[in-house]
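**Student:** Quick check, what structure comes out for this input:
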Amino acid sequence: MKLKIHATVASLSIGLMSAMAADAAPPTDETISQAIEKYGENSKKLDRSDRENYGRLMTAEARAALAGIALSEMPLQQLQQLHKARVLGSADMDEEVGARLEAFAGDPGASGAVAAIMRLSYLPRASVPREDATDADRERAEQAREVHAAALRLVADHPGLPAALASGEGGDIFMALRFVDHQTMAAAGPQMLKLASLATANVPGGQAAQLSMLFDVLNGNEDIDAADRERVRSDIVAALHAAQGNDAEDENQSRGIARSLAYLEGAYARGELVDHASPPLDFTWSNYAEPIGSIEDLKGKVVVLDFWATWCGPCIGSFPNVRELQARYDGYPVVILGVTSLQGYHIDRPEGASGPAKRIDTKDDPAKEHELMNTFVEQLEMTWPVAFTSQQVFNTDYGVRGIPHVAILDPAGVVRYRGMHPASDKAGKHEKIDGLLREFNLPVPEAG
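**Tutor:** A predicted model of the protein is given here:
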């Protein structure tokens, strides 16, 4: 399978580019359906454990499915189908897809706005060049940011955007904004506020839960002042309450709205987390050396909270880093605490992190899930304590949108840092923890 793919990548790319340039007839809906089906079937056969090659093989499969199809003749509806099936995203054809979508975005109606929103998903890389980057690297990054800025303006200023949002067809805007370079969005405060105003005024119930994603984008924009950010948060909360009061279309939608409301009404979203006393954390079980019932019981120590779960691969992948952190502060007034919550199931790993995993049902049996954690701690060589909280591991007060997620409290119980990954910036964590120890006149490990 892999040999076949490796041998045909170049020829498929050439064939596909030729097809797009040719004066071909528009593909039929049946042709598009067959391409989606082909991609779906073949991509499932790929070896996901082959991380080095998996992305490249997915690209080859997407291009194979699209071979002979004239992208330049494709109507928007077919592009949408391929977009939703992730064929276009996997094909690594951002420039060609983006150009086609910009052509459709010229329509002043709702369909043009939908094309403009889709265009955000096919932007070139605009990462900040490394210190050793060449002038050419920096120029490419700058050009890419200009493309991002133009695409963002295309959406924000599109006359069909209100209609697209009101109809529900523009709901992808909340996810698509995540593809826009952060520097670009930081320089586009007025446009982002305009988008927020349009979204909260026009979003239908089915898309309401996704409004919290728009808040995340705005909340990370330092050029938007606190008053404007709070106004947007309040508007989104009002829109969510309205959607909730209008009876959501299904149970999943209702849960999504409730989760978004909990997040937006939590301490982090209100701007009352960092440099404030820790929100409540109530421990229902822990293997800590001393009995602890709440976060209050850990005052007097620097507390490093690592939000995680047994099913979370990146969490487990970071365990060597957490183990190293624990070793550095062993015997010092620092508590590194793995924080999780009842999941209704447990992932058993009898052979450790690299071995097979087995799911064990623990629904309605907290004692069983607690007991299994003892075994897990041994299996994964967790040298730091673990605790279950009555609050969800995706803690809305702490703004935990994904795990692992690290927050650090000072000895007075005040949250000083949040949003860190346990496997990154080791030196930065040492500096933060050591700084808090010094601030409270507590012993600090020697440098090294």
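
**Student:** remind me which residues of the stretch 51-200 of the chain are low pLDDT?
**Tutor:** Applying pLDDT under 70 to the stretch 51-200 of the chain picks out residues 51, 128-131, 186.

**Student:** can we see that at 50?
**Tutor:** For the stretch 51-200 of the chain, no stretch is flagged by pLDDT under 50.

**Student:** show me where it has helices.
**Tutor:** Listed in chain order, the helices of the stretch 51-200 of the chain (DSSP state H, counting those that start in this stretch) span 51-66, 76-84, 87-90, 94-105, 110-119, 135-156, 161-167, 173-176, 182-186, 189-202.

**Student:** Could you identify which of those is most buried?
**Tutor:** Per residue and on average, the most neighbours among the helices of the stretch 51-200 of the chain fall to helix 110-119, with a mean of 25 (mean count of other C-beta atoms under 10 Å). All C-beta spots, glycine's among them, are computed from the backbone N, C-alpha and C.

**Student:** pull the CA atoms of that one into CSV?
**Tutor:** The C-alpha trace of helix 110-119 is given here as CSV (Å, rounded to 0.1, in the frame of the first residue of the first chain):
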residue,chain,number,x,y,z
ALA,A,110,-25.0,34.6,1.7
SER,A,111,-23.3,32.1,-0.5
GLY,A,112,-20.5,34.5,-1.1
ALA,A,113,-20.1,35.0,2.6
VAL,A,114,-20.0,31.2,3.1
ALA,A,115,-17.2,31.0,0.5
ALA,A,116,-15.3,33.8,2.3
ILE,A,117,-15.6,31.9,5.6
MET,A,118,-14.4,28.6,4.0
ARG,A,119,-11.4,30.5,2.5
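
**Student:** packing partners for it?
**Tutor:** Secondary-structure packing of helix 110-119 (3 or more C-beta pairs under 8 Å, 6 or more residues apart in numbering; DSSP states H and E): helix 76-84, helix 94-105, helix 135-156, helix 161-167, helix 173-176.

**Student:** Check what contacts the first one and list those residues.
**Tutor:** With contact meaning C-beta atoms under 8 Å, 6 or more residues apart in numbering, helix 76-84 is reached by 27, 29, 32-33, 35-36, 66, 88-89, 97, 100-101, 104, 111, 114-115, 118, 121.

**Student:** Excluding covalently adjacent residues, which one is nearest to the residue sitting nearest the centre point of the chain?
**Tutor:** Nearest residue to the geometric centre of the chain (C-alpha atoms, centre = their mean): residue 402, 6.7 Å. Nearest non-adjacent residue to residue 402, counting by C-beta to C-beta, 6 or more residues apart in numbering: residue 394, 8.0 Å away.

**Student:** cool, residue 157 as well?
**Tutor:** Closest to residue 157 by C-beta to C-beta, 6+ apart is residue 191, at 7.8 Å.

**Student:** sorry, back to before: out of the helices and strands packed on helix 110-119, which gets nearest to residue 216?
**Tutor:** helix 173-176 (9.0 Å; C-beta to C-beta).

**Student:** Just the C-alphas of the closest one, formatted as PDB.
**Tutor:** Provided in PDB are the C-alpha atoms of helix 173-176 (Å, rounded to 0.1, in the frame of the first residue of the first chain):
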ATOM      1  CA  ILE A 173     -16.800  30.900  11.100                       C
ATOM      2  CA  PHE A 174     -16.200  30.000  14.700                       C
ATOM      3  CA  MET A 175     -13.900  27.200  13.800                       C
ATOM      4  CA  ALA A 176     -12.400  28.800  10.700                       C
END
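
**Student:** and that helix, what does it pack onto?
**Tutor:** helix 110-119, helix 189-202, helix 211-219.

**Student:** if you set the cut-off to 7 Å instead, what comes out?
**Tutor:** On a contact count with 3 or more C-beta pairs under 7 Å, 6 or more residues apart in numbering; DSSP states H and E, helix 173-176 meets helix 211-219.

**Student:** Report the buried residues of the next helix or strand after the helix it packs on.
**Tutor:** Sequence-wise, the next helix or strand beyond helix 211-219 is helix 226-245, with elements assigned using DSSP states H and E. Residues 228-229, 231-233, 235-237, 239-240, 243-244 are the ones in helix 226-245 that count as buried (16 or more other C-beta atoms under 10 Å).

**Student:** Can you list the neighbours in contact with helix 226-245?
**Tutor:** Residues outside helix 226-245 that contact it (C-beta atoms under 7 Å, 6 or more residues apart in numbering): 193, 196, 200, 203, 205, 208, 211-212, 215, 218-219, 257, 260-261, 264-265, 269, 271.

**Student:** Tell me how far residue 334 lies from residue 298.
**Tutor:** The gap separating residue 334 from residue 298 is 10 Å, by C-beta to C-beta, to the nearest Å.

**Student:** Please apply the same query to residue 134.
**Tutor:** 49 Å.

**Student:** More neighbours: the two, which one.
**Tutor:** Using other C-beta atoms under 10 Å, the more surrounded residue of residue 134 and residue 298 is residue 298, with 22 against 10.

**Student:** which residue sits closest to the more buried one, ignoring its sequence neighbours?
**Tutor:** Residue 298 sits nearest to residue 335 (C-beta to C-beta, 6+ apart), 5.5 Å away.

**Student:** Stretch 90-98 spans what distance, first to last residue?
**Tutor:** Using C-alpha to C-alpha, to the nearest Å, one end of stretch 90-98 lies 14 Å from the other.
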